[in-house]
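In: Just a sequence and a predicted model for now, questions to come.
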Amino acid sequence: MGARAQYVVVENGAWQRYYSHWAANRVVDDLLPGPVAATRGFRANQEIDEWLDDVWCEGAALVDHDRRTLLWFAFADSWADHIAARAVLARTWPGWDVRFAHDGMGDLTHHLGLGRYLTRAPGWFETFEPSGFAATEYTEPSSVVSLRLPGGSVRAWGSDWEPIEHLAGGPGLIDLLVAAPSTPALTDMPYGGVHFDPQARTVSLWAVQTVTGIHNWPLPRWENWSLDFRGDDHTQQARLLPTDFPLPRPPLTAALRRLSDGLDTPPPGNGPLLAHAAAVRSPEGTVPVVNPAALIPHEPADPTPAELSALRTTLDALVVGAEVD
């Protein structure tokens, strides 16, 4: 139980890890005020001497003051929420290389020179033989998948799978795509997209979420294929999609306002959640035990009045820009 987050602070050639049992959905909020406030908040949490793995770590950030680099990942509720957060961080971390850690913990440990496998058990990338394509009847799918056909035209579908799952299925998925029925045009942006070009033997992928393993190309069964990883940039696939299947362009105003409203919202208390968990009926002869780490509340970034004022000014300017756009 919990939404575990790990923080790493690098300064003067040394690095230290911190842990919060409840902060995975607060990573962005803690980063928004800038490097000084974020570092101060991270150091207020529990110092630990271990790494969370890719399974248990649901959000993380590495703040490298020596190289002025920020790496972070956390689940966004929507494409707009991710892009809004990126827009704010670009302004509140001036002069920093701000990057979303698409490879999850692998990007953090790689940055420290520890490789990408430190937090991954053998066989961590699970492949499967698809029996069908996860086409969806919904207009708000997880992914958009496109395929260049032999004649040069492109077809596209909405998919219930996350972007990386299409690669875990191997090239055999392409034959299933050809036979798949059409899906409704999108009404909202997906979390990512995959484009297959069998003639060029190229896969292109973008995502606003983690795609663990994307830097370990070729992934199993994709030997002799090249990967064009676009980060969170959807524009190339948008240009390839047929005219009757465009990617929507939702406004960022609502997402930016949610970030602004969050400045006045403290982290929720975990008392009611713990009480509910302890009250769940347990199998006979067992007693529910609460993880001691769950009893420690998250210490959020606590920006100074000047830091908070600067952040509000940034958010206000971005909201105005989004409304004009």
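Out: Ah, there it is.
In: Any stretches of the chain with poor pLDDT?
Out: Segments of the chain classed as low confidence (criterion: pLDDT under 70) are 1-2, 265-297, 299, 324-325.
In: all helices of it, in order?
Out: In chain order, the chain shows helices spanning 27-31, 35-43, 79-92, 105-111, 163-168, 173-178, 235-240, 253-262, 271-279, 305-324, with DSSP state H as the criterion.
In: Please point out which parts of stretch 87-103 sit buried.
Out: Taking 16 or more other CB atoms under 10 Å as the neighbour-count basis, stretch 87-103 is seen to contain the buried residues 87-89, 91-93, 96, 98-103. From N, CA and C alone the C-beta is placed, and that goes for glycine too.
In: Max pairwise distance over those residues: which two?
Out: Distances among those were taken as CB to CB; the most separated pair is Arg91 and Asp103, at 25.3 Å.
In: Would you state the strands of the stretch 101-250 of the chain in chain order?
Out: Ranges of strands in the stretch 101-250 of the chain, per DSSP state E, counting those that start in this stretch, are 143-148, 154-159, 192-197, 202-207, 226-229.
In: Let me see the residues that make contact with the last one.
Out: Contacts of strand 226-229 with the rest of the structure, by CB atoms under 8 Å, 6 or more residues apart in numbering, involve 102, 200-206, 214-215, 217-218, 236.
In: Which one of the residues you listed is nearest to Trp161?
Out: Of all the contacts of strand 226-229, the one sitting nearest Trp161 is Leu205; the distance, using CB to CB, is 12.2 Å.
In: neighbours around the closest one, how many?
Out: Taking other CB atoms under 10 Å as the neighbour definition, Leu205 ends up with a count of 23.
In: Show me the protein divided up by domain.
Out: The chain breaks down into these domains under automatic domain parsing: 5-121+254-324, 143-240.
In: want to try a markdown table for those, with distance to Glu137 as columns?
Out: Rendered in a markdown table, the data for the domains of the chain read as follows (distance: least, CB to CB, whole Å):
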| stretch | distance to Glu137 |
| --- | --- |
| domain 5-121+254-324 | 20 |
| domain 143-240 | 7 |
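In: closest one to Glu129 among those?
Out: Closest to Glu129 of the domains of the chain, according to CB to CB: domain 143-240, at 6.9 Å.
In: Start and end of the closest one, how far apart?
Out: One end of domain 143-240 sits 15 Å from the other (CA to CA, to the nearest Å).
In: Export the helices of the chain as a markdown table, with columns for distance to Phe229.
Out: Compiled in a markdown table, the helices of the chain are given as follows (distance: least, CB to CB, whole Å):
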| stretch | distance to Phe229 |
| --- | --- |
| helix 27-31 | 22 |
| helix 35-43 | 27 |
| helix 79-92 | 16 |
| helix 105-111 | 12 |
| helix 163-168 | 10 |
| helix 173-178 | 18 |
| helix 235-240 | 11 |
| helix 253-262 | 24 |
| helix 271-279 | 37 |
| helix 305-324 | 27 |
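In: which one of these lies closest to Ala134?
Out: Proximity to Ala134, assessed across those by CB to CB, is greatest for helix 163-168 (7.8 Å).
In: Could you list every helix and strand in contact with the closest one?
Out: Using 3 or more CB pairs under 8 Å, 6 or more residues apart in numbering; DSSP states H and E as the contact definition, the elements that helix 163-168 packs against are strand 143-148, strand 192-197, strand 202-207.
In: Test my guess that Asp197 contacts Arg148.
Out: Yes - counting by CB atoms under 8 Å, a contact exists between Asp197 and Arg148, whose distance comes to 4.5 Å.
In: And the residue nearest to the spatial centre of the chain, how far from Ser142?
Out: With the centre of the chain defined as its mean C-alpha position, the nearest residue by CA atoms, centre = their mean is Gln209, 2.9 Å away. Here the criterion is CB to CB, to the nearest Å. By it, Gln209 lies 9 Å from Ser142.
In: shared neighbours, these two?
Out: Residues touching both Gln209 and Ser142 (CB under 8 Å, 6+ apart) are 162-163, 191-192.
In: Considering those residues, which possesses the most neighbours?
Out: When neighbours are counted by other CB under 10 Å, Gly192 leads the shared contacts of Gln209 and Ser142 with 27 neighbours.
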